[in-house]
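S.K.: my questions are about this predicted structure, shown below with the sequence.
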Amino acid sequence: MINDEDVIGLGLESSCDETAVAIVKNGKQVLSNIIFSQIRLHKEYFGVVPEIASRAHLEVINDLIDASIKETGIDFKRLDYIAVTNKPGLTGSLLIALQSAKTLSYVLDIPLIGINHLEAHLYAPFLEGNELKFPYIGLLVSGGNTVVFEVKGIGDMEVLAKTTDDAVGEAFDKVAKYLDLSYPGGPVVEKLAKKAVHKNIIFPKILPDARDKRFSYSGLKTAVVNFVKKNTNVDKAEIVYAFQESALELLVRRVFSLSRERKITDIIIAGGVAANGRLREMLHSAKIDENIIIPSPVLCTDNAAMVGGLGYHYYIENKFDDIMLEVKAKA
Ligand code: KG4
């Protein structure tokens, strides 16, 4: 049910390997959330191939927009704004949704709003009934990012810690590739780790100094490779179990040390790695009085509902972009 005073936004997302379109009401209620995943196209390469990604976005985006409109029965003319991810991401991929958004904004004569993909990820829980309350700590863990923010307001985020080399999701993907598992690595590693019995492999603790604010994953990946070279007969389940414990332990340690330092108890975890069940277990057993909020899996990974939802807050503050809006590979 839509009333005249409701604000309806269309969200578009094509920053990496998901083409996504969503329609959101008042920045809170998701009316349509369509995601076309390209995993199948990139699987054989064990990673996202930029050229394949942008072509695939181009092939499907118009149909997805039509499908979203049809699904909700909302006329294009009823839309109040178009929100689109314009940073960070793969340049060629970002351009596809941005071009569609500019065209729609021009033709429909409604505001265009460029959205930071990372900020959008940390907005996802507010589409599931959580009340928006600042400040909060945001841990973003995906194939391209491992970063902790203090989110102080709309468009106001301070980076507290980030990776100096690989992202944590990338480490899951690389270890899976090295062990001849499949892509993306995260879900297969998590599943296989559950089969570990002995659990007696221990990789060196990553960045053990408590004052250190960084993340780092390339050393852990090398430790896994070196271990496998020396121990050819060890069960893969035992190896991925030890890798996963080490990789996730650093996230948990860092996020609590930063939230306690800032005296902020609301912590949002988002991005593909947030779907990991073992991470959830570790967070819940390490927390004291923190409130850990993790979106449901469909809103953890790339989607446009988070883009359309966050766009509402820019819309009501009249923070619009114009037709010259550009994409940026880095935020
Ligand atoms: O946010 P996302 O869907 O895409 C981008 O990186 O843009 O995250 C994908 C990453 C991949 O590296 C994948 O291996 C990882 O998230 N991932 C997981 C799990 N599910 C996905 N990592 C650990 N455990 C999982 N269950």
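M.R.: That came through fine. Numbering: from 1, shown residues only.
S.K.: going forward, measure contacts and count neighbours with C-alpha atoms only.
M.R.: Fine.
S.K.: what segments of the stretch 1-150 of the chain are helices?
M.R.: 39-42, 50-72, 91-108, 117-121 (DSSP state H, counting those that start in this stretch).
S.K.: and Asn130, how far is that from Leu139?
M.R.: According to CA to CA, to the nearest Å, Asn130 stands 17 Å off from Leu139.
S.K.: settle it for me: which of these two has more neighbours?
M.R.: Ranked by neighbour count (other CA atoms under 10 Å), Asn130 and Leu139 place Leu139 first, with 29 against 13.
S.K.: ok, residues contacting the worst-scoring helix or strand of the chain on mean pLDDT?
M.R.: Counting by mean pLDDT, DSSP states H and E, the weakest-scoring helix or strand in the chain turns out to be helix 297-300, with a mean of 92. The contact list for helix 297-300, computed with CA atoms under 8 Å, 6 or more residues apart in numbering, reads 121, 124-125, 270-272, 274-275, 294, 305-306.
S.K.: again, but for stretch 147-159
M.R.: With CA under 8 Å, 6+ apart, stretch 147-159 has contacts from 119, 134-141, 160-163, 255, 313-314.
S.K.: ok, now stretch 203-217?
M.R.: 146, 160-168, 171, 219-220, 223-224, 242-243, 246-247, 250-251, 254.
S.K.: ramachandran coordinates for the closest residue in space to Leu251 that isn't next to it in sequence?
M.R.: Distances taken as CA to CA, 6 or more residues apart in numbering put Phe215 closest to Leu251, at 7.9 Å, once the chain neighbours are dropped. Torsion angles at Phe215 (phi, psi; degrees, to the nearest 10) stand at phi -110, psi 150.
S.K.: give me every residue in the protein lying close to the ligand.
M.R.: Neighbours of the ligand within the chain, by CA under 6 Å from any ligand atom: 16, 142-144, 169-170, 172-173, 184-187, 190, 271-273, 275-276, 301-302.
S.K.: dump stretch 2-19 to CSV, keeping only the CA atoms.
M.R.: The C-alpha coordinates for stretch 2-19 follow below in CSV (Å, rounded to 0.1, in the frame of the first residue of the first chain):
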residue,chain,number,x,y,z
ILE,A,2,1.5,3.3,-1.1
ASN,A,3,0.2,6.7,0.0
ASP,A,4,0.9,10.1,-1.6
GLU,A,5,3.3,11.1,1.1
ASP,A,6,5.4,7.9,0.8
VAL,A,7,8.9,8.4,-0.8
ILE,A,8,9.7,5.7,-3.4
GLY,A,9,13.2,5.2,-4.6
LEU,A,10,14.8,3.1,-7.2
GLY,A,11,18.2,1.6,-6.3
LEU,A,12,20.8,0.4,-8.9
GLU,A,13,24.0,-1.5,-8.2
SER,A,14,26.6,-2.9,-10.6
SER,A,15,29.9,-2.3,-8.8
CYS,A,16,31.3,-5.8,-9.0
ASP,A,17,29.7,-9.1,-10.1
GLU,A,18,26.1,-8.6,-9.1
THR,A,19,23.6,-6.6,-11.2
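S.K.: pLDDT of it, averaged?
M.R.: On average, the pLDDT along stretch 2-19 is 96.
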